[in-house]
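S.K.: Provided below are the primary sequence and the corresponding predicted coordinates.
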Amino acid sequence: QVQLVESGGGLVQAGGSLRLSCAASGLTFSTLPMGWFRQAPGKEREFVAALNWNGGSTYYADSVKGRFTISRDNARNTVYLQMNSLKPEDTAVYYCAADKNPDWRVKVHSTFYDYWGQGTQVTVSS
């Protein structure tokens, strides 16, 4: 059974930092592209960041470029999202996602992802 479990969300003031983690089980983690998405109240889910199987290639939404960093530890079956210089508009539920197909490429669109975590709330106060 595949499980993706996010953690690390919380309440932070604008300008602060948070580090999200996503622990994966039940899949061959080290071969799979992974991504982070977010959904704010009343809005559609949007892409945040993604990386390929070994973390050698990454891609970011323009809104987070230069502030967020995605990384992975294949030995721990975990993907991370380091979020710095947080803004109130970053407030959302953050989800990690896994593609079930091994691939060396980075996947940006949500349609490529087969497994999703339950989400972790990030709230940035002004």
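M.R.: Right, received. Where do you want to start? Numbering: from 1, shown residues only.
S.K.: all strands of this structure, in order?
M.R.: Remark: strands assigned in the chain by DSSP state E are 3-7, 10-13, 18-25, 34-39, 46-51, 58-60, 68-73, 78-83, 92-98, 115-116, 120-125.
S.K.: For W104, which of those is the nearest?
M.R.: strand 46-51 (11.1 Å; Cβ to Cβ). For the C-beta atoms, the positions are set from N, CA and C on the backbone; glycine is no exception.
S.K.: still on that earlier bit, want to try CSV for the strands of the chain, with mean neighbour count and mean pLDDT as columns?
M.R.: Formatted as CSV, the strands of the chain follow (neighbours: other Cβ atoms under 10 Å; pLDDT from 0 to 100):
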stretch, mean neighbour count, mean pLDDT
strand 3-7, 17, 97
strand 10-13, 13, 98
strand 18-25, 19, 98
strand 34-39, 23, 98
strand 46-51, 22, 98
strand 58-60, 17, 98
strand 68-73, 18, 98
strand 78-83, 22, 98
strand 92-98, 23, 98
strand 115-116, 17, 98
strand 120-125, 17, 98
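S.K.: Might one say that W53 is in contact with L32?
M.R.: Yes: using Cβ atoms under 8 Å, W53 is in contact with L32, at 6.1 Å.
S.K.: related to what we said a few turns ago, reformat the strands of the chain as CSV; add distance to V106.
M.R.: Output for the strands of the chain, formatted as CSV (distance: least, Cβ to Cβ, whole Å):
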stretch, distance to V106
strand 3-7, 18
strand 10-13, 27
strand 18-25, 16
strand 34-39, 8
strand 46-51, 5
strand 58-60, 5
strand 68-73, 10
strand 78-83, 13
strand 92-98, 13
strand 115-116, 17
strand 120-125, 22
